[in-house]
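**Q** make a model of this:
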Amino acid sequence: MQGTVKSFNEDTSGEVVLDTGRRVPFDAAAFGASGLRFLRPGQRVQLDTAEDGRVVRVRIPTITP
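**A** A predicted model of the protein is given here:
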């Protein structure tokens, strides 16, 4: 699922607002799995989730040919 970064905290946790308007938090472990170094509010991201709905990775969406 894709959304827009609402907040990004010093501990590397944060919150994303999905296109539906639902807010989804992510923890430092999900951010750490991404390999990213920083996110900024307003940035578009893609969230990978586990079967229980927990965010397990935050990624920058890319366009593939």
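**Q** ok, which stretches of the protein are strands?
**A** 2-8, 14-18, 23-26, 44-49, 55-59 (DSSP state E).
**Q** listing partners with orientation, what would you give for the shortest one?
**A** The one in question is strand 23-26. Strand pairing for strand 23-26, using DSSP bridges, gives strand 14-18 (antiparallel).
**Q** buried ones in the strand it pairs with, by neighbour count?
**A** The neighbour-count check on strand 14-18 (16 or more other C-beta atoms under 10 Å) flags Gly14, Val16 as buried. Glycine gets a C-beta too; all of them are placed from N, C-alpha and C.
**Q** kindly export it (C-alpha atoms) in CSV.
**A** The C-alpha trace of strand 14-18 is given here as CSV (Å, rounded to 0.1, in the frame of the first residue of the first chain):
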residue,chain,number,x,y,z
GLY,A,14,6.8,7.5,12.1
GLU,A,15,3.4,7.7,10.6
VAL,A,16,2.0,7.5,7.0
VAL,A,17,-1.3,8.7,5.7
LEU,A,18,-2.7,6.2,3.1
